[in-house]
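Q: 3D, please:
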Amino acid sequence: MMEMLKRYNLPNRRSKIEDRKSNKVRVRFAPSPTGYLHIGNARTAFFNWLYARKEGGNFILRIEDTDRGRSSERFERIILEDMRWMGLEWDEGPDCGGGFGPYRQSERLNIYKEYASQLIEDGKAYNCYCTPDELEKRRDELLGRGIAPKYDGRCRNLSEKERIRYEEEGRRPAIRFIVEEGMVEVDDIIKGNISFNCNTIGDFIILRSDSVASYNFAAVIDDALMEITHIIRGEDHLPNTPRQILLNRALGFPPPMFAHLSTIMGHDRMQLSKRHNGVSIEYLKKKGFLPEALLNYLSLLGWSPGGEVEIIPLEDIIKRFSLERASKGAAIFDPDKLKWMNSIYIRNMDLERLTDILIPFIRGEGVDIEGVDRGWLERMVDTIRDNIETLTSVSDYIDIFFGTDINICKEGIALLKDNSAIDVIKAVRDEIREVDSITHDIYIKMVSSIKKRMKLEDKRLFMPIRVALTGRTKGPRLDRIFPLIDKEILLKRVDKALDVCTQNLEKF
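A: This is a model prediction of the structure:
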């Protein structure tokens, strides 16, 4: 055992908790590659990353892939891609290595077996021959009597004869950890002091009959060998905490500090899950959310920076972050607020970068921008940026700039029924015909001339022009749209609007 402790850089059992007080902060994010990274996991990863960056520590990525039936390389790849997209680079992990690897639990199975054997030798664990069917039957019996189910310990003191009989039957034993009576206390950084009664736990499995370690056992060993100092995770893991503390004690490991983050709920006050739309990072990426906006929003889910300002640069979030300011109460995931925050970041983003990241979304609408002047493209992006909440919102306006023909919306058709609309659009047509080029100044002179001549209030002047040029009653500023559209296309659109005004409106 001592040889193994040295090999994996682990303090021996006489180590004290105080030994780690001077150590560098080391935190970890340990996802299971069984599905997409969702908002709750992303918040956990982000808070761990924030704490490491604030304290000058290390952020470790560990893949917990012992669930062989559900884990996949595809989901591991997606999780890593999503974290990189968010900018949460790790200091150690499965793809970059480090001094405490391997960083996939599937590559650490022999380590868990050695520690399980040691616990048996120390009389702190035992072989359990109960079958899944037997355990399920006893569980149902207890539930039927209104008793919280826990293992009854019947294999704890098996005779040699009983063990031989079970093995002759072909039963492969799991290994259970012995839970003694008493209380377990944890001084949680966020939740405060919490006590757990061991009588409610029961002896639990640490190594299944297929020799795969249980979550709690593998996590405790990995955290110790990787010298994790703080475990920051969701409060749904609170029931795991007493088991992990008991295992740390039994193995002689200095326990880490715990900080359990509040639950994230949807508007229905139910814990956020797959039934809530838009909870995966993959979904948010495809919908055109910006990573910096997402991180800003995540920082406000269960943590307060102080003050009323909500748009906070990442550098400031790092400076202000502390676990002591984390909330004990549940956080509410509000998609509308995330959209609002995303729109602020779009509005304030460097135009060149915004254009670059919008190009794939423009192409996704079937628009060929090969050969399109870059300066024109940036002006187009600058024109719509105040009107879009996500990058996919570019689809709402793309036809204004790239389409020859446009569809006039129902509200626009109704507006064109106004008697003055036809006069305004005719005047616009006449003005456009008289100019050689389309510029911002030409537009200003045109509307000024028409307004003066026709003595119309702004709404009755500008709404017919907007409908004629864009097919919509709302959108980006007309003085910015006008110079970006060719003269011939403008005239075609004006002619269509005149047709709507003068012909049978039911055709449209």
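Q: How about the residue located most distally from the centre of the chain: what's its closest non-neighbour residue?
A: For the chain, the residue at maximal distance from the C-alpha centroid (C-alpha atoms, centre = their mean) is Arg453, at 56.1 Å. If the residues on either side of it in the chain are set aside, Arg453 comes closest to Ala427, at 7.3 Å by C-beta to C-beta, 6 or more residues apart in numbering. Where C-beta positions appear, they are placed from N, C-alpha and C, glycine not excepted.
Q: Look at the one you found and say how many residues are nearby.
A: 21 (other C-beta atoms under 10 Å).
Q: right, and it touches Lys452 too?
A: No - with contact defined as C-beta atoms under 8 Å, Ala427 does not reach Lys452; the gap is 11.0 Å.
Q: re the thing from before, can you tell me how far the residue nearest to Arg453 is from Ser449?
A: Computed as C-beta to C-beta, to the nearest Å, the Ala427 to Ser449 distance reads 8 Å.
Q: And for Pro313?
A: The spacing between Pro313 and Ser449, counted by C-beta to C-beta, is 46 Å.
Q: Measure how buried Glu235 is and give me the count.
A: Neighbourhood size, Glu235 [other C-beta under 10 Å]: 18.
Q: gap between it and Leu298?
A: 16 Å.
Q: Quick check: phi and psi on Leu461?
A: Leu461 has phi and psi values of phi -90, psi -50 when expressed as degrees, to the nearest 10.
Q: Per-residue pLDDT of it, please?
A: Leu461 carries a pLDDT score of 86 in this model.
Q: residues touching Pro255, list them.
A: By C-beta atoms under 8 Å, 6 or more residues apart in numbering, the contact list for Pro255 reads Ile17, Gln244, Ile245, Asn248, Arg249.
Q: Show the buried residues in those residues.
A: Among these, those scoring as buried are Gln244, Ile245, Asn248 (criterion: 16 or more other C-beta atoms under 10 Å).
Q: hmm, back to that, Asp499: which of the contacts of Pro255 is nearest?
A: For the contacts of Pro255, the residue nearest Asp499 by C-beta to C-beta is Gln244; the value is 73.5 Å.
Q: Which helix or which strand is home to that closest one?
A: helix 240-251 (DSSP states H and E).
Q: and that helix, what does it pack onto?
A: When contacts are defined as 3 or more C-beta pairs under 8 Å, 6 or more residues apart in numbering; DSSP states H and E, helix 240-251 sits against helix 109-121, strand 174-177, strand 183-188, strand 192-197, helix 215-225.
Q: I'd like the ones you listed as JSON lines, with mean pLDDT appended.
A: Converted to JSON lines, the helices and strands packed on helix 240-251 look like this (pLDDT from 0 to 100):
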{"stretch": "helix 109-121", "mean pLDDT": "97"}
{"stretch": "strand 174-177", "mean pLDDT": "98"}
{"stretch": "strand 183-188", "mean pLDDT": "95"}
{"stretch": "strand 192-197", "mean pLDDT": "96"}
{"stretch": "helix 215-225", "mean pLDDT": "97"}
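Q: nearest to Val500, of those?
A: Closest approach to Val500 among these is made by helix 215-225 (64.8 Å; C-beta to C-beta).
Q: Determine how far stretch 192-204 lies from the middle of the whole chain.
A: Computed by C-alpha atoms, centre = their mean, to the nearest Å, the chain-centroid distance of stretch 192-204 equals 31 Å.
Q: Next: stretch 193-208.
A: Distance of stretch 193-208 from its chain centroid, counting by C-alpha atoms, centre = their mean, is 31 Å.
Q: what residues does that stretch touch?
A: Against stretch 193-208 from outside (C-beta under 8 Å, 6+ apart): 112-113, 116, 119, 125-126, 128, 148, 150-153, 156, 174-188, 213-214, 216-217, 238, 241-243, 246-247.
Q: Can you give me the end-to-end span of that stretch?
A: End-to-end distance for stretch 193-208, by C-alpha to C-alpha, to the nearest Å: 32 Å.
Q: Please identify the buried residues of it?
A: Phe196, Ile201, Asp203, Phe204, Ile205, Ile206, Leu207.
Q: ok, the nearest residue in space to the third one that is not next to it in sequence - contacts?
A: Once its chain neighbours are removed from consideration, Asp203 has its nearest residue in Arg176; the separation is 4.4 Å (C-beta to C-beta, 6+ apart). Listed by C-beta under 8 Å, 6+ apart, the contact partners of Arg176 are Ala125, Tyr126, Asn127, Cys128, Tyr151, Cys155, Arg156, Asp203, Phe204, Ile205, Ile206.
Q: Can you give me the distance of Arg176 to Asp152?
A: Taken as C-beta to C-beta, the span from Arg176 to Asp152 is 11 Å.
Q: for the stretch 251-400 of the chain, what spans make up the helices?
A: Ranges of helices within the stretch 251-400 of the chain are 281-286, 291-299, 314-320, 335-348, 351-363, 374-384, 398-402, based on DSSP state H, counting those that start in this stretch.
Q: and the longest one, how far out from the chain's middle?
A: It refers to helix 335-348. 16 Å.
Q: what's the answer for the last one, then?
A: Taking C-alpha atoms, centre = their mean, one finds helix 398-402 lying 32 Å from the centre of the chain it belongs to.
Q: Check the first one too.
A: Here helix 281-286 is found 8 Å from its chain centre; the criterion is C-alpha atoms, centre = their mean.
Q: Quick one: list the elements packing against it.
A: Partner elements for helix 281-286 (3+ C-beta pairs under 8 Å, 6+ apart): helix 73-86.
Q: For Gly57, give its distance to Met270.
A: For Gly57, the distance to Met270 - C-beta to C-beta - is 35 Å.
Q: more crowded one of those two?
A: Between Gly57 and Met270, Gly57 has the larger neighbour count (other C-beta under 10 Å), namely 18 against 11.
Q: Check the more buried one and give its pLDDT.
A: 97.
Q: roughly how far apart are it and Ile232?
A: 12 Å.
Q: list the residues that contact both of the two?
A: Shared contacts of Gly57 and Ile232 (C-beta under 8 Å, 6+ apart): Val27, Tyr51.
Q: and the helix holding Gln244 with helix 109-121, angle?
A: 70 degrees (axes from the mean of the first three to the mean of the last three C-alpha atoms, to 10 degrees).
Q: Residues in contact with helix 240-251: which ones?
A: Here helix 240-251 makes contact (C-beta under 8 Å, 6+ apart) with 13, 115, 118-119, 122, 124, 177, 179, 184, 186, 188, 194, 196, 198, 201, 204, 206, 215-217, 219-221, 224, 253-255, 258, 260.
Q: Let me know the next secondary structure element after the lowest-mean-pLDDT helix or strand in the chain.
A: In the chain, no helix or strand scores lower on mean pLDDT, DSSP states H and E than helix 2-7, which sits at a mean of 40. Next helix or strand after helix 2-7 toward the C-terminus (DSSP H and E): strand 26-29.
Q: Distance-wise, check Leu358 relative to Glu370.
A: Distance of Leu358 to Glu370, given as C-beta to C-beta: 16 Å.
Q: Between these two, which is the more surrounded one?
A: Here Leu358 and Glu370 are compared on neighbour count by other C-beta under 10 Å; more neighbours surround Leu358, at 24 against 6.
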